[in-house]
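J.: missing the sequence, but the structure's below:
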């Protein structure tokens, strides 16, 4: 478990509220706003993502860390809430934003895909990108998230 800047007590309290499939949490700044992002590094966690959650608090989300050369593709199957999807390159710059992406209860579901290989996708509550006025090219602070490339699919 990574140590949060907020101390061990805060980290333990936040982790106790995470579902069992969540791995760990980092603090990141999106447009200067502090977010608690669950890490989705392992393939099974990336596949499950935020499925079946009925709420996502503001200033929270999930950071998907993909192997080098991946063209991330996200779908909203089994999602219960709309999200904003931020596709981010290895330098933590926003490459694409899919705003207000609706849930999908049954196939066929739309697939939200990057045009080029990217390192990260960040899922946050719908409306976050507009609220923060995020645009492609914006630099994000992923809290020093430095991992060796995640395991392949």
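T.: It's in. Since this is a predicted model, take the numbers as computed values, not measurements.
J.: how far away is residue 139 from residue 34?
T.: Applying Cβ to Cβ, to the nearest Å, one obtains 16 Å for the distance of residue 139 from residue 34. C-betas here are computed from N, CA, C, even on glycine.
J.: before we move on, what about residue 123?
T.: The gap separating residue 123 from residue 34 is 17 Å, by Cβ to Cβ.
J.: who has more neighbours, those two?
T.: residue 123 (27 against 13; other Cβ atoms under 10 Å).
J.: List the contacts of the helix or strand where the more buried one lies.
T.: Residue 123 belongs to strand 120-125 when assigned by DSSP states H and E. Applying Cβ atoms under 8 Å, 6 or more residues apart in numbering, the contact partners of strand 120-125 are 28, 30, 35, 37, 49-50, 56-58, 60-66, 72, 74, 81, 83-90, 92, 140, 142.
J.: Mark which of those residues are buried, thanks.
T.: Buried positions within these, assessed by neighbour count (16 or more other Cβ atoms under 10 Å), are 28, 30, 35, 37, 49-50, 56, 60-66, 72, 74, 81, 83-89, 92, 140, 142.
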